[in-house]
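Asks: what's the 3D shape of this:
(chains A and B)
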Amino acid sequence: MLAHFRKLVPQLVRILKNLIMSGYSPEHDVSGISDPFLQVRILRLLRILGKSDDDSSEAMNDILAQVATNTETSKNVGNAILYETVLTIMDIKSESGLRVLAINILGRFLLNNDKNIRYVALTSLLKTVQTDHNAVQRHRSTIVDCLKDLDVSIKRRAMELSFALVNGNNIRGMMKELLYFLDSCDPEFKADCASGVFLAAEKYAPSKRWHIDTIMRVLTTAGSYVRDDSVPNLIQLITNSVEMHAYTVQRLYKALLDDISQQPLVQVASWCIGEYGDLLVSGQCEEEEPIQVTEDEVLDVLEGLLVSNLSTPVTRGYSLTAIMKLSTRFSSVNRIKKVVSIYGSSIDVELQQRAVEYNALFKKYDHMRPALLERMPIMEKSATNGPTEIVQTNGETEPSVVEPKHPPLVTQPANQANDLLVLLGGNDVPVIQTTMPTKPASAGGELLELLGDLSLSGGPAPAPAPSVPTSQPSFLLDGLSSQPLFNDIATAAIPPMTAYNKNGLKIDFTFERANPNPNIAVITIHASNSTEADMTDFVFQAAVPKTFQLQLLSPSSNVVPALNQGTVTQVIRVLNPQKQQLRMRIKLTYTLKGSPVQDLAEVNNFPPQSWQ
Amino acid sequence: MMRFLLLFSRQGKLRLQKWFTPMAEREKKKIIRDMTTMVLARQPRSCNFLHWKDLKVIYKRYASLYFCLAVDNQENELLALEVIHRYVELLDKYFGNVCELDIIFNFEKAYFILDEFLMGGEIQETSKQMVNRSIEASDMLQEDDNSDWYEVELFG
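Replies: Just a heads-up that it's a prediction; the model follows:
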């Protein structure tokens, strides 16, 4: 139907031209511009008609440029027309010169004193920053200035736009401005700003020390507004930057001395002191002046946290565990024993449980204490975002001693596995269930074709490998992890792999074992796009040989943003009861710069741990 | 498309309401309440655009009256400001130096002028002269009517 109307584009262009060029018409005039309402309407219609059509867009280029340059901007009317023009230029397939002109108009709007116009400019820039990233960068300083504006809506938009503009080159400068903004902004902004700062720092941190400094700054200024899941993320980050441990723990200790009211800061600090307390008292720190701290002082601080009214139960749990960990790192073990035994009769059940178990650790299992409380290994970032199983991976696990304590837990998984197999039915029929938003009928047809090509012999049957103790929880401490105690993110140590990397589209697979059934491998695909344009209508399909069963859950989105600005994730569950080598054929369809792309690939390089 | 237009005073008294989509009475009352609280709470120097549910609300203060116009999300806000201004100009031309009292006492004329200018949520007539002429013509019809009645009276 639109094709029918597209024939009118030349006429519309002519009418608009006449409107602009013609003389003064008193009845339609608004502050020197003839009939702005009609002009805006025509521009809107041109936008709809030119949206995905090259010819129409070309016919409009001239008139759009003319309107953009000739319209008076002293009054609101002129700005209204320019605004509509900019929106039209952005939406149609205009040439790059015109786009740059549009962005410059928006930049000019930003410098205008009128709040409405600045608001409008910031909103449109936010929409265009995805596609015309470089052009918007030029106006970065103006946008950053808008952070200091008094109006709330402008501040919010400027903040969102600033986060969208952060990249590897401007990270230091931008972060300075954003941290200053975080200091002085209203509470309703602080949470969003803090999360934005963390994300940006994670992506573009130029050095580990800078990253840690930035995080410390956020924690000390907006500590109570930080999101809950940032504490585990931070701890993971700290463990990963091995060389910075001494510096980190020193700074955190100093921050604790100043102020113990901000819970996330206190939690991270007490965890670090627990882990790296020995570095703190030894006084070795290359980055900063080392401070002289004695073991008693450290224990004083941690005990202070335990008794303080400002600490939440979670924080108390953190500090008790930290004290316990110091028993292997400090020499004043008796004081620690005393503290731990006091809390064995605490009213708070969580604290009581921890204290009692630690007591047991001192008394009956003293030989295990050093092994259990040794330094945390570097944690891999897990793929899933949801609540994953908390599995303790400290040192070695001692299943022989611990298992008799919790026999019921061990038998339960086996029962559940049987039920799951029954639910899934036999494993002969290649049932591929997809819950994707696309039409399943046609998808099923194509997948069956894919299947037809796959040979059904599968790989050579693997030699019976000893079952990897991937999820053998050390039950002693498992019971303590009602809250993320050591903040471990469960990975069963299956390395991730790159399944496909072509034409700028990269697909990584990360693996987990779905407990309780060890035959189900949960694969999360991460699709990232390194080209300059977004990939829209992205659809991922997979097929496996007949001996497997596959279930595809819904993807996070259909658009893979350009320049690796984000990933699309999708979860695949593969049931592999016969433990054959996992193979998969994948089909990708997406639209890049208006043209559809389709590709087939076979994935064979699955790591052996994923199917054994 | 415009959804509704409200005029209310600084004290929150509603002077004019025009709804461009059908809505239940209860919903209308709720919207009026929400709009008056939101707009009256705004700082004097803040920008004239708000977000409410899935609509954009553009408001402008003229003397003691707030003109509050709600449009769809894709509409041009700056143009909506122009629409409000055009309506005020039409009222001004008709009443001559319009003030709130004029609208209070001649509210039906205010509605007539609005209907000549906007219809079905869109601008109907962009020419100020045309709108004025139509209103003057309907006024003249009214006057003619009155004189007829007067003549009947005279002749018993």
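
Asks: Which parts of the chain are strands?
Replies: You didn't say which chain, so I picked chain A. Using DSSP state E, the strands of chain A run over A:29-30, A:33-34, A:432-434, A:497-502, A:505-513, A:520-529, A:535-543, A:549-552, A:567-575, A:584-592, A:595-603.

Asks: Oops, wrong one, chain B.
Replies: Secondary structure of chain B, counting by DSSP E: strands at B:2-9, B:14-19, B:49-52, B:55-62, B:65-71, B:118-119, B:122-123.

Asks: residues making contact with the second one?
Replies: The contact list for strand B:14-19, computed with Cβ atoms under 8 Å, 6 or more residues apart in numbering or on different chains, reads B:3-9, B:28, B:32, B:36, B:65, B:100, B:103-104, B:107, B:110-111, B:114, B:118. C-betas here are computed from N, CA, C, even on glycine.

Asks: swap in the fourth one?
Replies: Surrounding strand B:55-62, the residues in contact under the criterion Cβ under 8 Å, 6+ apart are B:3, B:35, B:38-39, B:42, B:48-51, B:66-73, B:75, B:77, B:80-81, B:84-85, B:88.

Asks: try 6 Å
Replies: Identification of contacts with strand B:55-62 by Cβ atoms under 6 Å, 6 or more residues apart in numbering or on different chains yields B:3, B:39, B:48-50, B:66-71, B:77, B:80-81, B:84, B:88.

Asks: buried stuff in it?
Replies: For strand B:55-62, the neighbour count (16 or more other Cβ atoms under 10 Å in any protein chain shown) marks B:55, B:56, B:57, B:58, B:59, B:60, B:62 as buried.

Asks: what's the burial count for residue A:144?
Replies: Using other Cβ atoms under 10 Å in any protein chain shown, the number of residues around residue A:144 comes to 21.

Asks: Pretty sure it sits against residue A:177.
Replies: Yes - at 4.9 Å, residue A:144 counts as touching residue A:177 under the criterion of Cβ atoms under 6 Å.

Asks: I'd like to know how many residues surround the residue nearest to residue A:151 when sequence neighbours are not counted.
Replies: Counting by Cβ to Cβ, 6 or more residues apart in numbering or on different chains, residue A:151 lies nearest to residue B:46, which is 4.9 Å off, once chain neighbours are set aside. Residues near residue B:46, counting by other Cβ under 10 Å, number 16.

Asks: How about the residues of chain B by chain A?
Replies: Contacts of chain B with chain A, taken as Cβ under 6 Å from any Cβ of the partner chain, map to B:46-49, B:76, B:78-79, B:81-82, B:123, B:126-129.

Asks: one more time with 7 Å, if that's ok
Replies: Contacts of chain B with chain A, taken as Cβ under 7 Å from any Cβ of the partner chain, map to B:46-49, B:76-79, B:81-82, B:123, B:126-129.

Asks: Looking at the residues you listed, which are in helices?
Replies: Among the residues of chain B next to chain A, the members falling in helices (DSSP state H) are B:77, B:78, B:79, B:81, B:82, B:128, B:129.

Asks: returning to what we had before: can you add mean pLDDT and give the strands of chain A back as JSON lines?
Replies: Shown next, in JSON lines, are those (pLDDT from 0 to 100):
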{"stretch": "strand A:29-30", "mean pLDDT": "80"}
{"stretch": "strand A:33-34", "mean pLDDT": "87"}
{"stretch": "strand A:432-434", "mean pLDDT": "37"}
{"stretch": "strand A:497-502", "mean pLDDT": "83"}
{"stretch": "strand A:505-513", "mean pLDDT": "82"}
{"stretch": "strand A:520-529", "mean pLDDT": "83"}
{"stretch": "strand A:535-543", "mean pLDDT": "85"}
{"stretch": "strand A:549-552", "mean pLDDT": "82"}
{"stretch": "strand A:567-575", "mean pLDDT": "85"}
{"stretch": "strand A:584-592", "mean pLDDT": "85"}
{"stretch": "strand A:595-603", "mean pLDDT": "85"}
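
Asks: Quick one: closest of the ones you listed to chain B.
Replies: Chain B lies closest to strand A:29-30 among these, at 6.6 Å (Cβ to the nearest Cβ).

Asks: Distance from the closest one to the middle of the chain?
Replies: In terms of Cα atoms, centre = their mean, to the nearest Å, the centre of strand A:29-30 is found 50 Å from the chain centre.

Asks: That one - which strands sit beside it in the sheet, and in what orientation?
Replies: Applying DSSP bridges, strand A:29-30 is found paired with strand A:33-34 (antiparallel).

Asks: who touches residue A:154 in this structure?
Replies: Contacts for residue A:154 (Cβ atoms under 7 Å, 6 or more residues apart in numbering or on different chains) come out as A:115, A:118, A:119, A:122, A:146, B:47.

Asks: can you pull out the helices in the stretch 201-350 of chain A?
Replies: Assigned by DSSP state H, counting those that start in this stretch, the stretch 201-350 of chain A shows helices spanning A:208-222, A:230-240, A:245-258, A:263-282, A:295-307, A:313-329, A:333-342, A:349-363.

Asks: closest to chain B out of the ones you listed?
Replies: Distance to chain B, taken as Cβ to the nearest Cβ, is lowest for helix A:208-222 among these, at 24.4 Å.

Asks: Need the helices of the stretch 201-350 of chain A in JSON lines (columns: mean pLDDT, mean neighbour count and distance to residue A:77).
Replies: JSON lines is the format used below for those (pLDDT from 0 to 100; neighbours: other Cβ atoms under 10 Å in any protein chain shown; distance: least, Cβ to Cβ, whole Å):
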{"stretch": "helix A:208-222", "mean pLDDT": "83", "mean neighbour count": "20", "distance to residue A:77": "42"}
{"stretch": "helix A:230-240", "mean pLDDT": "81", "mean neighbour count": "20", "distance to residue A:77": "47"}
{"stretch": "helix A:245-258", "mean pLDDT": "83", "mean neighbour count": "20", "distance to residue A:77": "55"}
{"stretch": "helix A:263-282", "mean pLDDT": "84", "mean neighbour count": "24", "distance to residue A:77": "50"}
{"stretch": "helix A:295-307", "mean pLDDT": "84", "mean neighbour count": "18", "distance to residue A:77": "62"}
{"stretch": "helix A:313-329", "mean pLDDT": "86", "mean neighbour count": "23", "distance to residue A:77": "57"}
{"stretch": "helix A:333-342", "mean pLDDT": "85", "mean neighbour count": "15", "distance to residue A:77": "74"}
{"stretch": "helix A:349-363", "mean pLDDT": "87", "mean neighbour count": "17", "distance to residue A:77": "65"}
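
Asks: Figure out which of those is closest to residue A:20.
Replies: Nearest of these to residue A:20, taken as Cβ to Cβ: helix A:208-222 at 50.4 Å.

Asks: okay but residue B:47 is in contact with residue A:151, surely?
Replies: Yes - shown here, residue B:47 and residue A:151 form a contact pair, counting by Cβ atoms under 7 Å, at 5.6 Å.
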